[in-house]
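Chemist: following is a predicted model, sequence given first.
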Amino acid sequence: AAAAASGGVADRKRKEFHPSDSSALAADDAAGPSKRDPPAGEGDAAEAAEAAPAASESPQAAARAEAVKMLGEAQVAALDALAAAPLDAREAAEVVLAHVGDKEMRTAVHRFVAEFYCDKLTSRTGQDAQGASVIKVLRAGSRRSHRDTRTGGSSGRRKRALAAQASEDGSRPDGQSPSASAPAQASASASAPAPAPAQTQPAEHSHAMVAEEQPPPRRRGAAHTYCECVLLKMNRDTNDAISLLGRLLRIKPSRLTITGTKDKRGVTLQRVCVQDVPAARLAQLNATLRNMRLGCFRSVDQQLQLGQARGNRFTIVLRDIDCDLAGLQAAMQSLSTVGFINYFGMQRFGTSSIPTHHIGLAVLKGQWQEAIELILRPREGEKGPIVQAREKWAQTRDAAQTLLLLPARNSVEHTILTALKKDGSQRNYSAAFQQLHRNMRTLYVHALQSYVWNVAATRRVQQGGLKPAVGDLVLVPEADAERHAPYKTHPKDQKQIKIKELSEQDLGNYTIHDVVLPLPGFAVVLPGSEMGKFYEEQLEKLGVSIASFERNTKEYGLSGGYRNIISLPKDVTWREVRYSDKSANLVESEWAAFDPAEVPATDDAGPFRALVLEFSLDSSCYATMAIREITKASTTTHFQASSRVCFPLLNPFFKNTHAHTH
């Protein structure tokens, strides 16, 4: 784990496992950067003409040859020169392609310009002085290209276009050519190797920046391409990180998929899949990202899906412990053999005075205005400009005025207020909510499911203890279904999950680790015992029913699922270390590859003791709940922020722990 914040006590490192063979990723790492000549058109016209025969077997060379047949060598060479010219010399330049009167030919030329020159050139159809059809080709990002293609000519748009060009060919954002001493950047070829980031890694970690060779730009109507990579982040929220990547890549965040969210307060690694973006372009982002890195790129056939990860590996440090060795061993033995109640952690419900499941309830009921108001409502404990912004909204309901007080950063509040400002009536709450990233929108309704499950789990353990009881549900393995007969399946469950309701005769064949409770949804089997009625009563208190989870909108329609009552960690290891500096790192994380200061600094003669835990949990299980079990302490932010915390219950040996985890 990386460095703890000042006064911090708990350090965390979280890795993500996948069903796919990890050896494939290791093979990609060892392969090294892909090497492939850039297509013709990246240098001057003469060099491109000479390079064309050598690249005749490549798709780019074949496309150029077809263009030469249509337009002639002179006109194609003019396009090459326009694409390669310095930005300050091509401000008003354009190439007029004549003799393109045939509609099919014009379509072919437009496609050639878009695909061969990527985002360097843009084309449009026009007429010459005699009224004949011509195609005007301009440099993308120039004033004329913005005006002539009717995409606007604002200075802000121009600056963004120039900045994009600067990242491709090394030119400066102000339009000037780079100095002779500046290293030449790779061209905008999708197959070019990634440039070195501003903060390079040591040699032993260089595999993280390897960019696999990518396919040429996607043709219209062609299948999508997917590049999967590993996202390393520190103290960054997953949804904010994904939205930031989408903004930097100028793509919709929906084109970036993940298998789940990871902790904000920690050093975490997880896979991200990006649609129709080459690895070289992703690797370029490392030069500007803060507390984030992308690496281990590889091409895959499909996007990632939520819940697809098999589990997570954790490394956690609990500092300033005060216990005898026997008490420590007893606590760890209990965690390894008994496990812990598989509650959804507090981060599932947020840390503010307005829990996320309250918003989820409004979404499930279709009360969009209520959901928006809950998101924007003033909250206790917040500091900074967000406080004034919330108060302004509560007083005026003026999105434009509220935005003036809100920092221009990627946040849920900023996204919603921007959408309300664009809508003239400022009352299209449903459309404003839809502007949030899909993962964030579904998080709210999933939080409602999680809340009901937590309440049900508490009731089940209080009533039945840690042994199977009549009416409990267990999952039936597909490969051995007949041995567990009879079993049930819900008719609306597309996965046709088999569920067995335990009878008196079944109790000796199962343990508490086999028992599951349903996440409420329209396609789950409820327990036949008193727990089934308890579910219905809890939903009725919330003003909904099982039928409420079946919505016309698939995104908010929840079929439900099943979750084990008790989670049993795997591969549990622990060790005690000593230290003298309370802010020093006690374990090493992957972030040490980018910052030499992140190396561990233990002291065998130090006055303080710490417990280093390592274990694996199944997908959607919370390490905070495991720590809660062995410390018998609350995981709320208020409790964890206390400067000195005693644990007088079963395991009273942890004196101090904080929410600042890394």
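Modeler: All right, it came through fine. The structure presented is a predicted model; accordingly, all values stated were derived computationally and were not measured.

Chemist: for the rest of this, base every contact and every neighbour count on C-alpha atoms.
Modeler: OK.

Chemist: please identify the buried residues of the helix ranked longest in the chain?
Modeler: Across the chain, the helix with the greatest residue count (assigned by DSSP state H) is helix 438-464. By neighbour count with 16 or more other CA atoms under 10 Å, helix 438-464 contains the buried residues 439-454, 456-457, 460.

Chemist: which strands or helices does that helix pack on?
Modeler: If you count contacts as 3 or more CA pairs under 8 Å, 6 or more residues apart in numbering; DSSP states H and E, helix 438-464 packs onto helix 356-364, strand 515-519, helix 530-542.

Chemist: neighbouring contacts of the last one?
Modeler: Helix 530-542 is contacted by residues Leu361, Val452, Ala456, Arg460, Leu526, Ser545, Ile546 when judged by CA atoms under 8 Å, 6 or more residues apart in numbering.

Chemist: 10 Å instead, please
Modeler: With CA atoms under 10 Å, 6 or more residues apart in numbering as the test, helix 530-542 has contacts from 358, 361, 448, 452-453, 455-457, 459-460, 463, 470-472, 517-520, 525-527, 543-546, 548.

Chemist: go on, the first one?
Modeler: Residues from elsewhere that reach helix 356-364, judged by CA under 10 Å, 6+ apart: 347-350, 366-375, 430, 433, 441-452, 542-544, 548-551, 556-558.

Chemist: quick one, it and helix 438-464 angle?
Modeler: On the basis of axes from the mean of the first three to the mean of the last three CA atoms, to 10 degrees, helix 356-364 is oriented at 110 degrees to helix 438-464.

Chemist: is it fair to say Ser137 lies in a helix?
Modeler: Just to correct that, residue 137 is Val rather than Ser. No - assessed with DSSP: H, G, I helix; E, B strand; the rest coil, Val137 is strand; it does not lie in a helix.

Chemist: what segments of the stretch 351-500 of the chain are helices?
Modeler: Listed in chain order, the helices of the stretch 351-500 of the chain (DSSP state H, counting those that start in this stretch) span 356-364, 368-376, 385-396, 399-405, 412-422, 429-434, 438-464.

Chemist: out of those helices, nearest to Glu501?
Modeler: Of all the helices of the stretch 351-500 of the chain, helix 438-464 sits nearest to Glu501, with 14.9 Å by CA to CA.

Chemist: was I right about Pro278 contacting Val300?
Modeler: No - using CA atoms under 10 Å as the test, Pro278 is too far from Val300 to be in contact (11.7 Å).

Chemist: more neighbours, those two?
Modeler: Neighbours were counted for Pro278 and for Val300 using other CA atoms under 10 Å; Pro278 has more, 28 against 14.

Chemist: phi first, then psi, for the more buried one.
Modeler: When read as degrees, to the nearest 10, the backbone of Pro278 gives phi -70, psi 160.

Chemist: look up how far Leu79 lies from it.
Modeler: The gap separating Pro278 from Leu79 is 24 Å, by CA to CA, to the nearest Å.

Chemist: one step back: which one of the helices of the stretch 351-500 of the chain lies nearest to Lys582?
Modeler: Closest among the helices of the stretch 351-500 of the chain, using CA to CA: helix 385-396, at 31.6 Å.

Chemist: what's the angle between the closest one and helix 412-422?
Modeler: Here helix 385-396 runs at an angle of 40 degrees relative to helix 412-422 (the same axes, to 10 degrees).

Chemist: can you tell me which helices and strands helix 385-396 packs against?
Modeler: Packing partners of helix 385-396 (3 or more CA pairs under 10 Å, 6 or more residues apart in numbering; DSSP states H and E): helix 368-376, helix 399-405, helix 412-422.

Chemist: CSV for these, including distance to Met625 and mean pLDDT?
Modeler: Output for the helices and strands packed on helix 385-396, formatted as CSV (distance: least, CA to CA, whole Å; pLDDT from 0 to 100):
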stretch, distance to Met625, mean pLDDT
helix 368-376, 26, 93
helix 399-405, 37, 90
helix 412-422, 27, 89
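
Chemist: could I get those as a markdown table with mean neighbour count and distance to Asn564?
Modeler: Formatted as a markdown table, the helices and strands packed on helix 385-396 follow (neighbours: other CA atoms under 10 Å; distance: least, CA to CA, whole Å):
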| stretch | mean neighbour count | distance to Asn564 |
| --- | --- | --- |
| helix 368-376 | 19 | 30 |
| helix 399-405 | 18 | 44 |
| helix 412-422 | 20 | 32 |
